[in-house]
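> sharing a sequence plus its predicted fold:
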Amino acid sequence: MKESDVRSRAFAMPLTSPAYPVGPYRFVNREYLIITYRTDPKKLRELVPEPLRIEEPVVKYEFIRMPDSTGFGDYTESGQVIPVSLQGRKGGYTHCMFLNDHPPIAGGRELWGFPKKLAEPKLKAEIDTLVGELYFGPLRIAIGTMGYKHKEADLAAVKASMEAPNFLLKIIPHVDGMPRICEIVEYHLTEINLKGAWTGPAELTLFSHALAPLAELPVLEIISGLHIMADLTLGLGKVVHDYLAKK
């Protein structure tokens with residue numbers, strides 16, 4: 001194989017059988033359960049990297065069901081997103097993510113820098129309740145519940161929140177174990193077709209785990225529950241801060 005062939009084909013690992021295809025990545029009938037809660041501001045400040053700034057001591061815990069996603073298939077994920085700002089622009093910083101499908105784990109980490117780990121999240125309606133669960137190995141470490149479609153949400157406000165910037169801390173190590181890439185990446189959801197959004201009473205319980213420390217951001221007060229159904233495209237990102245750049 002010629003060097004030019006390697007360069008032209010080198011978009012993902014492994015070279016001869018990439019773990020995921022080239023985008024764009026379109027999601028159909030993507031379903032969210034988002035429970036927003038108040039947490040300990042001191043613990044939050046310890047976890048959010050500068051130059052991102054915390055707006056208030058709030059966390060959004062998400063369960064996301066993705067039955068039809070281009071190149072990634074059918075999977076579910078769960079994790080914590082922290083409202084932040086960067087140079088005055090408000091968005092969300094993804095603190096952790098857990099999912100049950102290898103291609104989006106590999107692609108999410110390599111392309112954008114999503115903090116993804118293998119686990120077993122679930123999201124489904126149980127009679128009159130929308131139920132989200134996260135299992136790490138045999139242990140259930142998160143339970144979210146919400147009354148099913150109690151009240152329609154403000155669709156314009158929900159869509160605006162989905163269009164806001166999202167921030168990630170991307171780390172790729174060098175062969176000597178030191179960071180070769182260490183940067184803040186910004187990405188956006190695009191071509192959003194919001195099919196519905198609802199609110200209702202919600203609760204969230206997090207359990208301590210050594211390798212999935214969700215409970216280090218404790219639930220002090222539930223602020224809201226939100227259920228969303230949408231089609232959307234996951235846009236590629238851009239670097240907005242490079243920790244390794246020479247100053």
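Thanks, I have the structure now. Numbering: from 1, shown residues only.
> for stretch 30-47, buried residues please.
By 16 or more other C-beta atoms under 10 Å, the buried positions in stretch 30-47 come out as 30, 31, 32, 33, 34, 35, 36, 37, 38, 39, 44, 47. In this view, the C-beta of every residue, glycine as well, is placed from N, C-alpha and C.
> in three-state terms, label residue 160 for me.
Under DSSP: H, G, I helix; E, B strand; the rest coil, residue 160 falls in the helix class.
> measure it to residue 186 for me?
In this view, residue 160 and residue 186 are 17 Å apart by C-beta to C-beta, to the nearest Å.
> same list, the buried residues of stretch 30-47, but as a markdown table with distance to residue 228 and secondary structure please.
Listed next are the buried residues of stretch 30-47 as a markdown table, based on distance: C-beta to C-beta, whole Å; DSSP: H, G, I helix; E, B strand; the rest coil:
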| residue | distance to residue 228 | secondary structure |
| --- | --- | --- |
| 30 | 8 | strand |
| 31 | 7 | strand |
| 32 | 4 | strand |
| 33 | 8 | strand |
| 34 | 7 | strand |
| 35 | 12 | strand |
| 36 | 13 | strand |
| 37 | 17 | strand |
| 38 | 21 | strand |
| 39 | 22 | coil |
| 44 | 24 | helix |
| 47 | 25 | helix |
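> doesn't residue 196 make contact with residue 229?
Yes - using C-beta atoms under 8 Å, residue 229 is in contact with residue 196, at 4.7 Å.
> then the helix or strand bottoming out on mean pLDDT in the chain to PDB, C-alphas only?
Using mean pLDDT, DSSP states H and E, helix 3-9 stands out as the lowest-scoring helix or strand of the chain, at a mean of 93. Presented in PDB, the C-alpha positions along helix 3-9 are these (Å, rounded to 0.1, in the frame of the first residue of the first chain):
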ATOM      1  CA  GLU A   3       1.700   6.300   1.400                       C
ATOM      2  CA  SER A   4      -0.800   8.300  -0.700                       C
ATOM      3  CA  ASP A   5      -3.300   5.400  -0.200                       C
ATOM      4  CA  VAL A   6      -2.800   5.400   3.500                       C
ATOM      5  CA  ARG A   7      -3.400   9.200   3.700                       C
ATOM      6  CA  SER A   8      -6.500   9.000   1.500                       C
ATOM      7  CA  ARG A   9      -8.100   6.200   3.600                       C
END
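> quick one: residues in contact with that helix.
residue 15 (C-beta atoms under 8 Å, 6 or more residues apart in numbering).
> nearest to residue 120 among the buried residues of stretch 30-47?
Using C-beta to C-beta, residue 33 comes nearest to residue 120 of the buried residues of stretch 30-47, at 15.9 Å.
> now do the contacts for the closest one.
62, 63, 64, 123, 130, 132, 144, 146, 225, 226, 227.
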